[in-house]
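*Asks:* A predicted structure for the sequence below; I have some questions about it.
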Amino acid sequence: MGNLKRVLTAAVVVSTLGKAQGSNELNLSAVRYFRAKGGSTVAEIFCRVPLTAVSALGAGGSGVAAFRMTITVKDSTGLVLTRKDWSEQVPATLLGVSGASEGEHLSLRLAPGRYTVEATVTDSATGLVTRGQVPVEAYRAPVGGSDLLLGTALRGPDSAGDSVPRTGEVWSGALFVQTAGPPTLTPLQTRLAYYFEMYTTRAESVTVKPRVLDAGGAQVIAAEAQRMAVPQGGGLGYGVLDLAGLPAGRYRLEVTAQGPDSQVLRSAPFMMSGFETMATQTTVSSLVTEDVFSGLSETALDSMYQPLGYVMDASEQGTYSGLSLDGKRRWMRQFWAKRDAGSGGGARDRFYALVRNADQLFRMGGAASTSGWRTDRGRIFIKYGPPDEKLERKNPSSSNPYEVWKYTRTRPTKFVFLDSNRFGDYQLIYTNDRREQSRPDWQDLLGSDGVQDVNDF
């Protein structure tokens, strides 16, 4: 038995097609991946806690609801192998939302065998206990492919070092999948993402065919087949389907990967809901956003505010510091609500993911006492994301180490950073971005070879 790791707490989700409100059972599911090294299985466990299972703390039902989550892993004989528990809180304002549930996600590494993963939720206000379990069979021998993981979106990493999931995401090791277990789509969120792994002993070309089946097993949608090359040892199958127009109901996505001498067929359930659930999810989203800031101290709010100087408008500058604690909370809500309206949501999570990545990537050398987001490279990284192309010169002949970043998404833009003290404190010395300043002596600092590098890059 390997480690049990709590990975994240996913966002609150809503489903009117799930278990009936008031159900005394948790909804657990598992997705398994085979790992040839050591012959182990990685199992991603998803648990949805219905908010009908918890009650508000405090008089009058105000404040928050709290519960204690316990995960127990048993082997086939019933022997307890490991147990882990922790406490969670949710906004009390969500308790009256029909079908709302809190998503929990954990990762297990298992030796071959049969296991049972049990989850127990104990309501902090009433002591009410809610239970659920899911059987997990860890692979005893190599298999052709992993289970199928479904979600509502997937994306690649923003940079080489990006492996930090945003809220509600799972990191597969190659891609981020937005998921909290079997997904529920709505008339406005009609995209279904899928991901699975193929394990092959030799390189081959396979045809991947996704199709949607109804509750009775009849095909209702056949997506276009894709040809892909799978290298020796295995590869990934993934994609996003737009299921606009699919009637409300329960479905399964079935994906077949057909090779010259092999076939892998995997399926997983999902739901399509109606406009009622869509409206409820919008309400939940606004309540969760509201609550993010209501429980934060002034110090925490100020810490979140500091990097915003890189992206705020002129009209938003100079007002935050003079506000009361409640005023600062309102300012932050309005700031992110404005950006969510123009981006389809998730702007806050994307921004702070960049801040975290900047801290990891640019906190080095003589700048170790300075947060990575405060450096010149961190600022440009947060404002524009990772560069489309990067040139690194660690030991140039005519200057100190330098880097050239190039963005080609709109007008080609270059940024040149020089490590003037050789302690890793790279400073911006030149750019053709008119919103940033260049040093007048940047050519002297780089030397003739460096200047030629920048011009040729």
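*Replies:* Structure received. Keep in mind that this is a model prediction, so the values were computed, not measured.

*Asks:* which residues in the stretch 101-250 of the chain form helices?
*Replies:* For the stretch 101-250 of the chain, applying DSSP state H, counting those that start in this stretch gives no helices.

*Asks:* give me the below-cutoff pLDDT ranges for it.
*Replies:* 160-161, 167 (pLDDT under 70).

*Asks:* what about the strands in it?
*Replies:* Using DSSP state E, counting those that start in this stretch, the strands of the stretch 101-250 of the chain run over 113-123, 129-138, 149-151, 153-155, 169-171, 176-178, 184-185, 191-198, 204-214, 219-222, 226-230, 235-242, 249-258.

*Asks:* mean neighbour count added to those, as TSV?
*Replies:* In this view, the C-beta of every residue, glycine as well, is placed from N, C-alpha and C. Shown next, in TSV, are the strands of the stretch 101-250 of the chain (neighbours: other CB atoms under 10 Å):
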stretch	mean neighbour count
strand 113-123	18
strand 129-138	17
strand 149-151	24
strand 153-155	17
strand 169-171	22
strand 176-178	23
strand 184-185	22
strand 191-198	22
strand 204-214	17
strand 219-222	12
strand 226-230	13
strand 235-242	16
strand 249-258	18
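
*Asks:* out of these, which is closest to Thr413?
*Replies:* With distances scored as CB to CB, the stretch of the strands of the stretch 101-250 of the chain nearest to Thr413 is strand 153-155 (22.9 Å).

*Asks:* can you name every helix or strand that that closest one contacts?
*Replies:* strand 176-178, strand 191-198, strand 235-242 (3 or more CB pairs under 8 Å, 6 or more residues apart in numbering; DSSP states H and E).

*Asks:* could you report the neighbour count for the nearest residue to Gly181 once chain neighbours are set aside?
*Replies:* With CB to CB, 6 or more residues apart in numbering as the criterion, Gly181 has its nearest non-adjacent residue at 3.3 Å, and that residue is Phe46. Phe46: 21 surrounding residues under other CB atoms under 10 Å.

*Asks:* Phe46 and Thr179 touch, don't they?
*Replies:* Yes. Judged on CB atoms under 8 Å, Phe46 makes contact with Thr179 at a distance of 7.5 Å.

*Asks:* dead centre of this structure: give me the residue that sits there.
*Replies:* Nearest to the geometric centre of the chain sits Glu169, at 2.5 Å (CA atoms, centre = their mean).

*Asks:* next up, phi/psi of Asp313, please.
*Replies:* Main-chain torsions, Asp313, degrees, to the nearest 10: phi -80, psi 160.

*Asks:* ok, for Gly385, nearest residue in space, not its chain neighbours?
*Replies:* Closest to Gly385 by CB to CB, 6+ apart is Asp158, at 6.1 Å.

*Asks:* ok, now how distant is the one you found from Leu354?
*Replies:* 7 Å (CB to CB, to the nearest Å).

*Asks:* picking up where we left off before, give the contact list for the residue nearest to the centre of the chain.
*Replies:* By CB atoms under 8 Å, 6 or more residues apart in numbering, the residues touching Glu169 are Leu8, Phe176, Val177, Gln178, Thr179.

*Asks:* the closest residue to Thr122 other than its chain neighbours sits in which helix or strand?
*Replies:* Once flanking residues are discounted, Thr122 sits nearest to Arg68: 4.5 Å by CB to CB, 6+ apart. Element membership of Arg68, judged by DSSP states H and E, is strand 64-75.

*Asks:* which is the next helix or strand following that strand?
*Replies:* strand 80-91.

*Asks:* do I have it right that Leu241 meets Arg211?
*Replies:* No. If you go by CB under 8 Å, Leu241 and Arg211 don't touch, sitting 9.6 Å apart.

*Asks:* Asp158 and Leu354: which is more packed in?
*Replies:* The neighbour comparison of Asp158 against Leu354 (other CB under 10 Å) goes to Leu354, with 24 against 16.

*Asks:* that one in helix, strand or coil?
*Replies:* Taken by DSSP: H, G, I helix; E, B strand; the rest coil, the conformation at Leu354 corresponds to helix.
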